[in-house]
Every structure is written in C-alpha cells, then in structure tokens.
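Peer 1: quick one, fold the following:
(one chain, ligands or ions: 2)
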Amino acid sequence: MPTPHGSEMIVRQDSPANLEFPFHTLSERLTPSGQFYVRSHFPVPELNAADWCLQVGGLIERPLRLTLADLQAMTPRTVTVTLECAGNSRSFLTPKVEGVAWELGAVSTAQWTGVPLRAVLERAGLQAGAREAVLCGADRGCLHEPARTPGIIAYERSVPLGKAQDDVLLAYAMNGEALTPQHGFPLRAIVPGWYGMASVKWLTEIHVTQTPFQGFFQTLDYSYWDQSGPLSPQMTPLSVMQVKAQIARPAIDEYVAAGQPYDITGAAWTGEADIVRVEVSTDGGLTWAEAELTDPPETHVWRRWHYLWQTPGTPGKVTLLARATDSAGHTQPSGHEPGRGKYMITFPLPITVTLE
Ligand SMILES: Nc1nc2c(c(=O)[nH]1)N[C@H]1C(S)=C(S)[C@@H](COP(=O)(O)O)O[C@H]1N2
Ligand SMILES: [Mo]
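Peer 2: Residues are numbered from 1 along each chain as shown. Ligands and ions are numbered 1, 2, ... in the order given. I've put the predicted structure just below:
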C-alpha cells in the first residue's frame, strides 16, 4: 500500500488501518515515519489542533486544560524509543490464535519530541493517595472479538505514577515533524520500554486515580497469565517489553546462494535494560555463534546487528534463528509459554530460507 510518504507497508487490516513495517527493509536505526507500523483498534478520530485540548483531572490539586500551544511552550524533550506491539510475530504461533496476524514488522523506532508527563503532573499537583495516570484517547468504537466491549468505549490505558513521573513523554512530534493522524495527532503518550499498547494515541485526557484501572484494554485485552509467583497464575496487564532479536535479512522464504558469504542482519531490543549479546543459529538451533552489534547500547532503543554466514555448498532448506540477551541477564525462552496467550511472542523465530 503506498503511504503518504511513498513507501510500502504490509496491510494486515484495511479499516481500521493496521499496517506492518516490511522488516526485511530495515536499514537505518530510525524507521522513516511513513514506514512506522500502525496499530489502531478504532478509526482515526478527527481532531484539529485549533480546538483540541488536553484535560488533566482526578486526584490532583488544579484541574488543567492545556492547548497544543501551552504544551509547546513548555521545555521540550526529545528521546529515541522503539515501540513493539505486544502481538508482533503472532503469525509464528501454532496453533493459530485470534488477532491481527503480525509477522515481523509490528516494531519500529522513532525520535519523539514532547513534554515529560512529569512536568504536566507537577503543574496539576498530585493529591495524597494518587497511584496511576489513566491515559484516554479520543478514538472510540465497539469490538466483538476476541473479547466483546460493553458497547462503545474509548481507548484507555494506565501507567503507575512511578513510571509516569520517570520517563513517560507526551509527544507532539515524530522524527522532527508533527505527528501524522495515524500515529496520534496532535498528542500521544510514549511509554519507553513498554509494549506499544501503553503509548496511547490521540490523547485528550489524563485522569489520576487511586485504584488500579480496570478498563477493557487493561483486563480483557492486553493482559496475560503471570506464572512467576507461588500461587495460581495471576491475570496481569502487559507492561515491560521482553528481550527479543529478529532477523531482517534474509527475508522469510528468501532464496540464498549456496557456498557463498551472506551477511545476516537484524535488530534486538528489550524493556528496561540494554542488549548485550545476540547469537545466531544457522542450523535450526543446534549451534549458536555470536553476532556483531552495530549500534551502541541505548536503553529503550533497538540495537542493529549482523553476522557473516558462510552458506553451505549443498542446496536445500535451512532454518535460521536469532536470540538476544540483555544487561539484566534475561534471554529469550525456547518456546511460547501458554500463559502469554496471543502476546509477548519472544521465542527465537524460525526463518526458513532455500539455498540454491
Ligand atoms: N488511542 C489509541 N492509542 C493506541 C492504540 C489505539 O488503538 N488507540 N493502539 C495501541 C497499540 S496496541 C500500539 S502497539 C501502539 C501503536 O502505535 P503506532 O500506531 O504509532 O505504531 O499504539 C497504542 N496506542
Ligand atoms: Mo499493540
């Protein structure tokens, strides 16, 4: 599908638009805005900068109504952040599961400019007992599957105030230009290190609460069974991204010359840590060799890597895998934990190519 920027996207769903970055084209560290994946649950709301405003309410001292000009007059901050949809790589799950059938490209990286949420909360003044900031989008609609919404609802998600005050950004620009309608114009949240669902687009309201938010996209959707505790699995909202590497080239089902050098390339990312190692297997996971990291480590940003592969001389199919480790000592699991359902797909993804 030609985008406004003239580049190609993989259309996973027409309406609302769900568009995948063709991951095999990965080249620059920053994804061009016209190729940045798009994940929307409802149609893009019609907002114009002139009469848009951000309301801040709930457990605060001073309710606020901020215009775009008010926000742009505050001290700006620019950060580079990788966003990955929690459902990225879903098409690799067997048996098949519900949801948008993302392959490799529901992940992208951009430079975001805006105002720290902390600065807005400081203006509003938090009341005692405040615990979460609920971020409310202007888009709304009704969903029938896999879970059914109670009629028409808005897209809303919360972040605990610790995270909200640490590094959440209220962004009005992406890669140096105003946000496009599909990416949340005029204002969106960027929640670094968390799966994309937390980075609410088309922000119109921030509501500070005392009790954990239990909205649709925090309970029936975008949750998983946490099996790490001593008790039975607990239903828990998705949050921090899990360590993961992906192969960009060769592409899935590519034909590769036998008996030649081939530079395998890709990227790796994680949540609240840095990528320290990427390993590649060219024999379906029997043996692993270390790849070279081509980007410096930067928390919340993917690191590109490459591995020079001397391809075997015999024609046939070969399965390539990549696996990353982060500075917190986390590495990718060998398989998909059932409790993760249709989300957090981080086992090493088999990329099958044909040598000829
Ligand atoms: N208001 C609103 N915000 C939203 C969504 C949405 O549907 N509505 N989708 C979320 C999900 S699931 C993801 S992965 C990211 C995707 O951001 P992008 O479309 O800019 O890539 O936006 C998040 N923010
Ligand atoms: Mo997502």
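Peer 1: could you pull out the strands for the stretch 251-356 of the chain?
Peer 2: Counting by DSSP state E, counting those that start in this stretch, the stretch 251-356 of the chain has strands at residues 255-256, 261-269, 275-281, 289-290, 292-293, 303-310, 316-326, 351-355.
Peer 1: looking at the ones you listed, which is closest to ligand 1?
Peer 2: Minimum separation from ligand 1 across the strands of the stretch 251-356 of the chain (C-beta to the nearest ligand atom) falls at strand 261-269, 13.8 Å. C-betas here are computed from N, CA, C, even on glycine.
Peer 1: that closest one - what's its average pLDDT?
Peer 2: Mean per-residue pLDDT for strand 261-269: 98.
Peer 1: do you know the pLDDT at residue 145?
Peer 2: On the pLDDT scale, residue 145 is placed at 79.
Peer 1: now residue 192. Nearest residue, chain neighbours left out?
Peer 2: If you skip the residues right next to it in sequence, residue 192 has residue 300 as its closest partner in space, 4.0 Å away by C-beta to C-beta, 6 or more residues apart in numbering.
Peer 1: now the stretch 51-200 of the chain against ligand 2: closest residue?
Peer 2: Taking C-beta to the ion as the measure, the stretch 51-200 of the chain has residue 85 as its residue closest to ligand 2, at 3.2 Å.
Peer 1: gap between that residue and residue 241?
Peer 2: According to C-beta to C-beta, to the nearest Å, residue 85 stands 10 Å off from residue 241.
Peer 1: so what sits against both of the two?
Peer 2: Residues touching both residue 85 and residue 241 comprise residue 195, with contact defined as C-beta atoms under 8 Å, 6 or more residues apart in numbering.
Peer 1: more neighbours: these two, which one.
Peer 2: Taking neighbours as other C-beta atoms under 10 Å, residue 85 and residue 241 compare with residue 241 leading, 26 against 23.
Peer 1: you'd agree that one is up against residue 195?
Peer 2: Yes: at 5.6 Å, residue 241 and residue 195 qualify as touching, with contact defined as C-beta atoms under 8 Å.
Peer 1: which neighbours do those two share?
Peer 2: Here residue 241 and residue 195 have residue 84 as joint contacts, going by C-beta under 8 Å, 6+ apart.
Peer 1: ligand 1 contacts on the stretch 1-150 of the chain?
Peer 2: Proximity of the stretch 1-150 of the chain to ligand 1 is confined to 36, 37, 38, 39, 40, 41, 83, 85, 137, 139 under the rule C-beta under 6 Å from any ligand atom.
Peer 1: and for the stretch 151-300 of the chain?
Peer 2: Taking C-beta under 6 Å from any ligand atom as the criterion, the contact residues of the stretch 151-300 of the chain with ligand 1 come out as 155, 183, 196, 197, 199, 200, 201, 202.
Peer 1: which ones among these also lie next to ligand 2?
Peer 2: The subset of those lying close to ligand 2, counting by C-beta under 5 Å from the ion, consists of 196, 197.
Peer 1: now render the residues of the stretch 151-300 of the chain next to ligand 1 as CSV, adding secondary structure and neighbour count.
Peer 2: Conversion of these to CSV gives the following (DSSP: H, G, I helix; E, B strand; the rest coil; neighbours: other C-beta atoms under 10 Å):
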residue, secondary structure, neighbour count
155, strand, 23
183, helix, 24
196, helix, 24
197, helix, 23
199, coil, 25
200, coil, 30
201, coil, 25
202, coil, 26
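Peer 1: wait, which of the residues of the stretch 151-300 of the chain next to ligand 1 is closest to ligand 1?
Peer 2: residue 196 (2.5 Å).
Peer 1: residue contacts, that closest one?
Peer 2: By C-beta under 8 Å, 6+ apart, the residues touching residue 196 are 39, 83, 84, 85, 86, 106.
Peer 1: CSV for those, including secondary structure?
Peer 2: Formatted as CSV, those follow (DSSP: H, G, I helix; E, B strand; the rest coil):
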residue, secondary structure
39, coil
83, strand
84, strand
85, coil
86, coil
106, coil
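Peer 1: need the pLDDT of the residue nearest the centre of the chain.
Peer 2: Using C-alpha atoms, centre = their mean, the residue of the chain that lies closest to the mean C-alpha position is residue 84, 2.0 Å off. Reading off the confidence values, residue 84 has pLDDT 99.
Peer 1: ok, it - contacts?
Peer 2: Counted by C-beta under 8 Å, 6+ apart, residue 84 has contacts 106, 107, 195, 196, 241, 244, 269.
Peer 1: which single one of those is nearest to ligand 1?
Peer 2: Distance to ligand 1, by C-beta to the nearest ligand atom, is smallest for residue 196 among the contacts of residue 84, at 2.5 Å.
Peer 1: for the residue lying closest to residue 285 once chain neighbours are set aside, grab the count of nearby residues.
Peer 2: Leaving out its chain neighbours, the residue that sits closest to residue 285 by C-beta to C-beta, 6+ apart is residue 321, at 5.4 Å. Around residue 321 there are 21 other residues, counting by other C-beta under 10 Å.
Peer 1: quick check: residue 321 touching residue 286?
Peer 2: No: contact between residue 321 and residue 286 fails when scored by C-beta under 8 Å: they sit 10.0 Å apart.
Peer 1: so which bits of stretch 172-179 are buried?
Peer 2: The neighbour-count criterion (16 or more other C-beta atoms under 10 Å) identifies 172, 173, 174, 175, 179 as the buried residues of stretch 172-179.
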